[in-house]
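S.K.: predicted model and sequence follow; I will ask about them next.
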Amino acid sequence: MNLPLRKIIHVDMDAFFASVEILDQPSLQGRPVLVGGSPQSRGVVCAASYEARKFGIRSAMPCAEAYRRCPQAVFLPPRFERYAEISQQVRQIFYQYTDLVEPLSLDEAWLDVTQNLMEVPSATWIAQRIRQEILSQTGLTASAGVSYNKFLAKLATGQNKPDGLTVVPPQKALDFLAPLPVGVLFGVGKVTGAKLVAQGIQRVRDLHRYSLAELENTLGKMGGQLYLYARGLDFREVTPRRERKSIGIESTFSQDLAHGPALAEELENLFVGLYKRLQGKQQQGRSFTLKVKFSDFTQITRALSQRQGPLSFEQMRCFAQEKLASLWQSSAEGRKIRLLGLSLGQLIHPSQEAARAENRQLQIFDFFPPAT
């Protein structure tokens with residue numbers, strides 16, 4: 001099997017949201033910092049500083065649980081517009097070296113530097129320079145992994161965090177992979193992991209005992225993927241994100257909801273989810289659609305749009321709240337709601353909007369949820 005020897009860098013900002021808060025508030029240095037909801041809310045942790053992680057706190061953990069583990073932690077609301085601002089600075093550093101940048105989120109990206117703008121043969125040198133420039137320009141640290149494909153580069157990044165650099169050349173790939181737990185492989189979640197453990201597969205090296213056919217018989221398409229990953233093979237190319245016409249999210253509730261605090265909370269959760277889907281895409285929209293499905297399965301939509309400039313978060317939230325209240329009052333006998341959906345359309349990139357209105361200061365992601 002021919003191995004495409006590319007030069008791939010994976011860069012991941014260290015505890016990004018929490019690190020930005022510490023950067024802006026130096027008095028927080030050395031303290032456990034959590035970005036997310038308040039301990040009294042039903043919110044979750046968006047990011048945790050490394051001091052907080054010592055208490056077993058991780059992203060997506062309920063804030064109430066995080067508080068039980070570390071009562072002395074500093075809980076801060078997210079400031080997405082600030083994170084997007086720094087993300088844009090970091091992205092511009094990447095583009096000094098290559099146009100082949102594939103963002104995974106605001107704080108993470110792959111770069112293909114096989115042919116780079118600096119005409120430098122060493123990907124390791126480029127990765128180190130990028131990390132130095134990020135620190136110099138933003139005051140934040142980043143970790144990086146360097147290898148010959150996306151899978152290994154991303155895996156390498158996590159081996160020496162924070163503020164680390166790990167290089168996995170072709171001749172050392174199998175030795176690097178062999179002792180790692182099989183759970184580090186892409187696609188191995190709880191269900192697949194349990195199947196592998198049942199067959200005595202706990203480390204990546206254990207997969208080498210099985211043929212491609214055996215793994216595919218057991219795990220289907222995923223088996224073939226694991227066969228390749230265990231041998232350090234990944235043929236995916238670094239591809240800049242394609243523009244989408246719209247981005248949306250919806251949620252079917254476990255029980256139908258009447259108009260009130262519970263429905264309002266679900267609406268806020270959807271706005272946060274919409275933000276997460278936009279992470280790394282640096283896009284805004286000029287149209288917004290609210291989708292409502294009632295308990296009797298009837299469905300309606302209400303739309304908001306404007307010709308000039310992107311919609312702000314406040315515009316969308318007020319529109320959604322008003323329409324929900326209106327629908328509830330006008331519906332027969334106050335029908336309960338089983339599903340809500342939000343979608344953002346007529347997407348534009350901030351640079352496009354800036355070109356249309358050079359005299360207006362662009363607020364990247366100004367439509368995302370304020371601190372709560």
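M.R.: Cool, the structure landed.

S.K.: so Q299 makes contact with K291?
M.R.: Yes - with contact defined as C-beta atoms under 8 Å, Q299 reaches K291; the gap is 7.0 Å. Backbone N, C-alpha and C define where each C-beta goes, glycine included.

S.K.: shared neighbours of these two, which are they?
M.R.: Shared contacts of Q299 and K291, defined by C-beta atoms under 8 Å, 6 or more residues apart in numbering, comprise L339.

S.K.: compare these two and say which is more crowded by neighbours.
M.R.: Between Q299 and K291, K291 has the larger neighbour count (other C-beta atoms under 10 Å), namely 16 against 12.

S.K.: same for the helix or strand the more buried one falls within, what does it pack against?
M.R.: Counting by DSSP states H and E, the element that carries K291 is strand 284-294. Counting by 3 or more C-beta pairs under 8 Å, 6 or more residues apart in numbering; DSSP states H and E, the packing neighbours recorded for strand 284-294 are strand 246-257, strand 299-305, helix 313-330, strand 337-348.

S.K.: can you give me how far that strand is from the chain middle?
M.R.: Strand 284-294 sits 22 Å away from the centroid of its parent chain (C-alpha atoms, centre = their mean, to the nearest Å).

S.K.: what are the pairing partners of it, and which direction each?
M.R.: Strands that pair with strand 284-294, judged by DSSP bridges, come out as strand 299-305 (antiparallel), strand 337-348 (antiparallel).

S.K.: tell me the most buried of the ones you listed?
M.R.: Each of those was scored by mean neighbour count; the highest is strand 337-348, a mean of 19, by mean count of other C-beta atoms under 10 Å.

S.K.: and it, how far out from the chain middle?
M.R.: Distance of strand 337-348 from the chain centroid (C-alpha atoms, centre = their mean) equals 19 Å.

S.K.: what angle separates it from helix 313-330?
M.R.: 150 degrees (axes from the mean of the first three to the mean of the last three C-alpha atoms, to 10 degrees).

S.K.: now do strand 337-348 against strand 246-257, angle only.
M.R.: If you take the same axes, to 10 degrees, strand 337-348 sits at 170 degrees to strand 246-257.

S.K.: where does the protein dip in pLDDT?
M.R.: Across the chain, residues meeting the criterion (pLDDT under 70) sit at 1-4, 241-245, 279-282, 331-334, 349-372.

S.K.: strands of that one, start to end?
M.R.: Under the criterion DSSP state E, strands of the chain are mapped to 8-13, 33-36, 45-48, 74-76, 101-105, 108-112, 142-147, 165-167, 246-257, 284-294, 299-305, 337-348.

S.K.: and the angle from the fifth one to strand 108-112?
M.R.: Looking back up the chat, that one is strand 101-105. Angle, strand 101-105 to strand 108-112, by the same axes, to 10 degrees: 160 degrees.
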